[in-house]
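Chemist: 3D model of this:
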Amino acid sequence: MTKATERGGGLALLALILANVALAFGPLFVRMADTGPVSAGFWRLTLALPVLILIALQRREPLAGYRAGIWWMLALGGVAFALDLASWNFGIERTKLANSVLFGNMGSIILVIYGFIISRAWPQRAEAAAVVLAIVGAGLLMGASYELDVRNLIGDLFCLAAGVLYVVYLLSIRHVRGDLGSWSVLVWSTVFGVVPMLAIALLLGEPVWPTDWTPVLLLALVCQLIGQGLMVYAVSHFSPVVLGIALLSQPVIASVVGWIAFDEWLSLTDWVGMIAIGIALVLVRLPEARRSARLAGSPAAS
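Modeler: Residues are numbered from 1 along each chain as shown. The predicted model follows:
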């Protein structure tokens, strides 16, 4: 157990569990909304924004006075986040809830592949195994979706595209994270994401204004504020492997919700694919966890 984990204790563990539970309900609220799926994402950001600003101000994180390079990176990150959320929400309505959560969380695998390409380095065994398992698992899930309905396969592809776009978002904010606090980054990525989300919804001809505000309010409160807020708190208290294992609760919860709410049954192939991707999401975090453990055990870290 790391020192950070010891500091967090039971409160951090509870935050991590509740964060994953809250985030797993996102696809349900998107489907419940009587707006279009992309419009639901627009309201998720818009309704959460005032609260995010208040939190950033309360924590005394500056929201202005940045140099031009930071503004450009924030804008790029916000647009990438909007495209990620739009693609994911669009896919949610066209595939199983469990698939949408799994493919939406494939960013960590894609980030590792990106790292191999730019560094021209061979992957460690855990990383290589993670990539292979992720490809096999994704193939099984997509094959099962295609057999069920080609529309489901399209939903899988949009959710997978969301995972790619989330990597673009992460790489963008990585350049500014050393200069800004986490809440100020969240504020501006939300600000720059609101207009593209609305534009995409209008281009798709979606209904934007809800007649029933409950689903979009739940989406903003449960997912954007509670889910993301608790995750921001919990993420610094646990090793990457623990975070990866906790992440696996999301597709399990989503599959149960999909079964109860929409009678979405998972076949044996679905389960094998889910397990393969689940193992991959844990394996891909092992090298980072080992590096963190070595740093924590070095004289400079003590």
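Chemist: contacts and neighbour counts: CA atoms only from here.
Modeler: OK.
Chemist: so what pLDDT did the residue nearest the centre of the chain get?
Modeler: Nearest to the geometric centre of the chain sits N105, at 5.4 Å (C-alpha atoms, centre = their mean). On pLDDT, N105 comes in at 73.
Chemist: quick check: it touching L165?
Modeler: No - with contact defined as C-alpha atoms under 8 Å, N105 does not reach L165; the gap is 11.0 Å.
Chemist: nearest spatial neighbour of the residue nearest to the centre of the chain, skipping sequence neighbours?
Modeler: G163 (6.0 Å; C-alpha to C-alpha, 6 or more residues apart in numbering).
Chemist: so what's that neighbour up against?
Modeler: 84, 103-107, 110 (C-alpha atoms under 8 Å, 6 or more residues apart in numbering).
Chemist: F90 contacts D156, correct?
Modeler: No - counting by C-alpha under 8 Å, F90 does not reach D156; the two are 10.0 Å apart.
Chemist: neighbour count winner among the two?
Modeler: Just comparing F90 and D156: by other C-alpha atoms under 10 Å the higher neighbour count belongs to D156, 29 against 25.
Chemist: the one helix or strand that one maps to: how far from the chain's middle?
Modeler: Using DSSP states H and E, D156 maps to helix 150-174. Centre-to-centre, helix 150-174 and its host chain are 10 Å apart (C-alpha atoms, centre = their mean, to the nearest Å).
Chemist: and the next helix or strand past it?
Modeler: Per DSSP H and E, the first helix or strand lying C-terminal to helix 150-174 is helix 182-203.
Chemist: what sits up against that next one?
Modeler: Contacts for helix 182-203 (C-alpha under 8 Å, 6+ apart): 36, 38-39, 41-42, 45-46, 49, 52-53, 55-56, 61-63, 74-75, 77-83, 86, 173, 177, 207-208, 232.
Chemist: quick one: which of these sit in helices?
Modeler: Within the contacts of helix 182-203, residues falling in helices by DSSP state H are 38-39, 41-42, 45-46, 49, 52-53, 55-56, 74-75, 77-83, 86, 173, 232.
Chemist: so where is the protein shaky, pLDDT-wise?
Modeler: Applying pLDDT under 70 to the chain flags residues 1-9, 107-108, 111-112, 115-123, 144-149, 177, 235-236, 239-245, 248, 284-302.
Chemist: try 50 this time
Modeler: 1-7, 291, 294-302 (pLDDT under 50).
Chemist: in stretch 72-87, which residues are buried?
Modeler: 73-87 (16 or more other C-alpha atoms under 10 Å).
Chemist: over to stretch 57-77?
Modeler: For stretch 57-77, by 16+ other C-alpha under 10 Å, it's 61, 63, 70, 73-77.
Chemist: next, format those as CSV and append distance to M142.
Modeler: Listed next are those as CSV, based on distance: C-alpha to C-alpha, whole Å:
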residue, distance to M142
E61, 43
L63, 42
I70, 39
M73, 34
L74, 34
A75, 33
L76, 30
G77, 29
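Chemist: was I right about M274 contacting M142?
Modeler: No - with contact defined as C-alpha under 8 Å, M274 does not reach M142; the gap is 11.0 Å.
Chemist: for the nearest residue to L16 once chain neighbours are set aside, what are its contacts?
Modeler: Of all residues not flanking L16 in the chain, A234 sits nearest, at 5.4 Å (C-alpha to C-alpha, 6+ apart). Counting by C-alpha under 8 Å, 6+ apart, A234 makes contact with 8, 12-13, 15-16.
Chemist: any figure for the gap between A234 and A24?
Modeler: 16 Å (C-alpha to C-alpha, to the nearest Å).
Chemist: now swap in D212 and tell me
Modeler: Distance from D212 to A24, by C-alpha to C-alpha: 21 Å.
Chemist: just give me the neighbour total for the nearest residue to F90 once chain neighbours are set aside.
Modeler: Leaving aside its sequence neighbours, F90 sits nearest to P37 (C-alpha to C-alpha, 6+ apart; 5.6 Å). Close neighbours of P37, defined as other C-alpha under 10 Å, add up to 27.
Chemist: isn't P37 up against L85?
Modeler: No - P37 is beyond contact range of L85, at 9.5 Å (criterion: C-alpha under 8 Å).
Chemist: helices of the stretch 1-150 of the chain, residue ranges please.
Modeler: 3-24, 26-32, 37-58, 68-92, 97-104, 107-119, 125-148, 150-174 (DSSP state H, counting those that start in this stretch).
Chemist: out of those, which is the most enclosed?
Modeler: Among the helices of the stretch 1-150 of the chain, ranked by average contacts under mean count of other C-alpha atoms under 10 Å, first place goes to helix 97-104 (a mean of 28).
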